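> Kindly return the folded structure for what I paste below:
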Amino acid sequence: KTLYKKATKLELDGNFDRAFQLYVKYTEEQLRLSRLSSNPAARDIHKSEAAKGLERAEKIRLKKRDLVTPVAKDHFAQGEQLHVLQQSSVVNGIRYPVWNDPASFTDGRLRLINISSIDLTNPRLSPEQISHSATWREPLYPVPDSEIPLCPEDIIQHVVSDCSLCAAIVVCIDHDRRFGSKLGKSALYPQVSEGVPTASSSKTHSLRVLFNGAYRKANVDTKLPMYMDGRLMCMSAGKKGALWPSLVEKAYMKLMGGYDFPGSCVTLSIMAATLTGWIPETIEISSSKFERERTWQRIAKAYAAGECVLTVGTGVKLPEESLLPLPLLPAHCYAVIDVIDEGDERQMTILDSWVEGSQPDLDSAVASMSLTQAEQPQEEKARSRKQNWDDVCAVFDVLLLNWNPGIFKKQLAFHGIWTRNTSMDASLPRNFHLRLSVESDEEADVWILLTRHVVDTKDRKDEYISLDVEVEHEAGISHSGLKVRRRKGAYTNNTHVLVKTRSKTSVLAVLASYDGAYDSIGCTITAFSSAVIRWAGTPSSLPYSETITGALTSKTAGGNASLPTFMINPQYYLRIHPDKSAKANRTTKSHVLIMLTGDRHVPFNVSVVWSQGQRITDMVKSDIALTTGAFKFGHASASKMLPPGDYTVIVSALEPRQTGPFSLKVDSSTRIELTPIPQEGSGMFSKLIRGSWTEDTAAGGPSFNRYMSNPVYELKLPSQSQVKIRLHLATPDSSIALNVTLFRSTPRHTLGHHVATSGPYADAVCGVVTPQMTLPSGSYFVVPSTYNPGVQAEFKLLVYTSANGAVVELTHVKGMISDA
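So this is what the prediction gives:
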């Protein structure tokens, strides 16, 4: 109420701008409270108050438009962050709430409460389970209060195709065995003590998973899929009989939509990160960028220190069997349960959880719980094998690592939504921009993780994400010539992308991109570092914004600024209005941000040029007020403080053949206008003449006394017409200066007085052009020339006329007007 009262008082005092800001803030706060409230009556009250604040804000906006600054959306507001997490709570039609404070579970033994309100739907059985007549049944032996010690070899994958989840459980058990970390099992509740799951009196368990940006609760009962004789038809702990791995699998399969989850797809193997909250990293061994030695050094050191766990995956196609150092399955995930780095010995112990055939029944499993690892049957131990690092690199396609976030002192998370802009081409990727401030006297590691939220694991396909991180330059990105900067993070259909960099004190520009067919997709961007880090906001949090869509086509793709066709690129007139606030003066600059989103296969650049808003034909470095710098695939962005005035914005690709749609957005701290600039000769008829200066016709300029020997073209106008003529070389050459001049024709077919000229001889890459002027009907002569004689080259002459039926043809003249 206090905000509303302040806004009302400011409105009555005539401070409409500030009143508008407070009314909007009041509306947002009431909406946030309505989303958080569980009381229907309270929700209605908050919504009513929000409508009241919105009504006042809208009235001020409509009546005092010039006095009101638009309110930029605060994506970092608590309400906005919670809204994203709430929107991503429903997965495959089931709501998975954000995990509550553990105190809400405690009754002395961390047991669950309020059982009647939770979803206990069983996950869908896989076709393989159905074909074996699986039924849901209670295990004969519940999870005991005392923990059953497990070894990595105890985990068995049976008929369910979830090798990646099995491998994740195995590496968690391996880490617990070595460091007592309780990884994996500590995600299952209730617990008898911290990290140790126990039997539930209500036969209900919850799995705590980091999913869609937050720790969430996946609830299951204790029934498991079994054969008719009581044997488990899911992941098991073999003869040890511990059931927590089976319950973890059930809860995770529920989250993923069923036991038919495609776990054999190694690109989706992020289960360890989901169960532990660790940082996933995918390293493609088959990539040309793979660094074998550096990767080994990182893994060996981190594994020994307990800082990472890892799995390896094969591709769809395997090398010839004779070349394989061990039997492997295609598209299969294997756990790494040891890393040996001693002198020249560099080995990994690879474990396959898959066991073909049946498993022991539960009675024999319980009877053998006391068996040591040495007493286990030899065929089970054979599932693991030591492999040289060179062999690992030769036969596996991918390394899947998970890093302990505890190696970093600082961690930040931001939750956002990729929303389709209805004014954009539906085929374009969507981008989310963030700014991360890093404070460190020395270079420090900064890792940034992008996670795409998943709400449908079955039907949604062809969704790709990418993450790009670079240092933001305070004065705009420097001009980089024709350099093409490829994105650090290529597009992937994985749900996670990790970019690692090092930085001293600076601001990092973070660009998260989504390319897919869906309208609203949540994402989480998490930053890790031992340096001081904080979000510096979003670049797009400026109050004024203009968005325009366009395309580089065969007629408008002119390529980079070194080409004569650069002038045909799409161009826009940008007017930046002065700041009218009380604190502003004539020298006050506006904060301007340009952002382009385009086809991810096209390298783009955007340049803002000092001008009067007219079309630019050529560009030099001194003309540039702001540029996005090196050409970047699928996007371009830059920001700078610019004085008010008129500018030309030019969108270009590296080469003329590179075409595709784009969306250009300009944000500003003051009011702006952005409008397309018509192409040269727009609305006029045009004729393209191809010619050349030969040994006989390369006569040079008038001072060399052979000017009339240059090629001469007769222009016949059937009626009064606007005329404009451009001359440029077929192959650019900065050493050749050009001129084109238009003369009247005389009755004796000689050159009369000149009517128009392109001016002094110039070597601009785009050539030279005459001013547009109105001419009466009649005959005229066009003379293209180089300054120096003897320059043999091909040229193009482009003649624009507003009158239809104009004729341009090569001719000969008898002399100058003085000879007439």
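> Identify the residue nearest the geometric centre of this protein.
Closest residue to the average C-alpha location of the chain: S513 at 1.7 Å, with C-alpha atoms, centre = their mean.
> How about the contacts made by that one?
429-432, 465-468, 491, 600, 634-635 (C-beta atoms under 8 Å, 6 or more residues apart in numbering). The C-beta positions use only the backbone N, C-alpha and C, and glycine is treated the same way.
> Repeat that for F408.
Counted by C-beta under 8 Å, 6+ apart, F408 has contacts 445, 447, 528-530.
> Kindly supply the PyMOL command isolating those of the residues you listed that are buried.
Command for PyMOL, covering only those of the contacts of F408 found buried under the criterion 16 or more other C-beta atoms under 10 Å:
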select buried, resi 447+528+529
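> Can you redo the contacts of F408 as a markdown table, where the extra columns are distance to R706 and pLDDT?
Output for those, formatted as a markdown table (distance: C-beta to C-beta, whole Å; pLDDT from 0 to 100):
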| residue | distance to R706 | pLDDT |
| --- | --- | --- |
| D445 | 70 | 95 |
| W447 | 70 | 97 |
| F528 | 73 | 97 |
| S529 | 71 | 97 |
| S530 | 75 | 95 |
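> show me the contacts for the residue lying closest to L436 once chain neighbours are set aside.
Leaving aside its chain neighbours, L436 sits nearest to L508 (4.4 Å; criterion: C-beta to C-beta, 6 or more residues apart in numbering). With contacts defined as C-beta under 8 Å, 6+ apart, L508 is in contact with 435-438, 446, 448, 469-472, 501.
> which residues of this structure fall in helices?
2-12, 16-36, 40-63, 78-87, 127-131, 163-179, 244-255, 271-276, 292-304, 362-367, 378-381, 389-395 (DSSP state H).
> Now for N388, how many residues are close by?
14 (other C-beta atoms under 10 Å).
> Give the bridge partners for it, please.
With DSSP bridges applied, N388 shows beta-bridge pairing to Q347.
> so where's the stretch 151-300 of the chain shaky on pLDDT?
262-272 (pLDDT under 70).
> now the strands for it?
188-189, 191-193, 196-197, 204-211, 214-221, 224-226, 279-284 (DSSP state E, counting those that start in this stretch).
> can you list these in a markdown table and add mean neighbour count and distance to G522?
Formatted as a markdown table, these follow (neighbours: other C-beta atoms under 10 Å; distance: least, C-beta to C-beta, whole Å):
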| stretch | mean neighbour count | distance to G522 |
| --- | --- | --- |
| strand 188-189 | 23 | 25 |
| strand 191-193 | 16 | 30 |
| strand 196-197 | 22 | 30 |
| strand 204-211 | 22 | 11 |
| strand 214-221 | 22 | 11 |
| strand 224-226 | 23 | 31 |
| strand 279-284 | 19 | 18 |
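> Switch those strands over to TSV; also include distance to N585.
Shown next, in TSV, are these (distance: least, C-beta to C-beta, whole Å):
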stretch	distance to N585
strand 188-189	62
strand 191-193	64
strand 196-197	67
strand 204-211	51
strand 214-221	47
strand 224-226	74
strand 279-284	49
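> Read off the pLDDT value for the nearest residue to A509 once chain neighbours are set aside.
If the residues on either side of it in the chain are set aside, A509 comes closest to E472, at 4.2 Å by C-beta to C-beta, 6+ apart. Model confidence at E472, given as pLDDT, is 76.
> which ones are touching E472?
Residues in contact with E472, defined by C-beta under 8 Å, 6+ apart, are 435, 506-509, 639.
> What of H496?
Neighbouring residues of H496 by C-beta under 8 Å, 6+ apart: 270, 273, 280, 282, 449-452.
> now it, nearest residue through space, not along the chain?
Per C-beta to C-beta, 6+ apart, closest to H496 is P280, 4.8 Å.
> quick one: that neighbour and N402 touch, right?
Yes - between P280 and N402 a contact is recorded at 5.5 Å, counting by C-beta atoms under 8 Å.
> Tell me, how many residues neighbour the nearest residue to T419 once chain neighbours are set aside?
Using C-beta to C-beta, 6+ apart and skipping the chain neighbours, the partner closest in space to T419 is S520 (5.4 Å). Close neighbours of S520, defined as other C-beta under 10 Å, add up to 12.
> Against H453, how distant is S520?
10 Å (C-beta to C-beta, to the nearest Å).
> swap in E794?
57 Å.
> Over to M567?
44 Å.
> returning to that earlier point: identify the bridge partners of the residue nearest to L436.
Those that pair with L508 in a beta bridge, by DSSP bridges, are L436, V471.
> and D13, how many neighbours?
Neighbour tally, D13, other C-beta under 10 Å: 10.
> Please state the backbone phi and psi of it?
The phi/psi pair for D13 (degrees, to the nearest 10) reads phi -80, psi 0.
> residues in contact with it?
Contacts of D13 (C-beta under 8 Å, 6+ apart): none.
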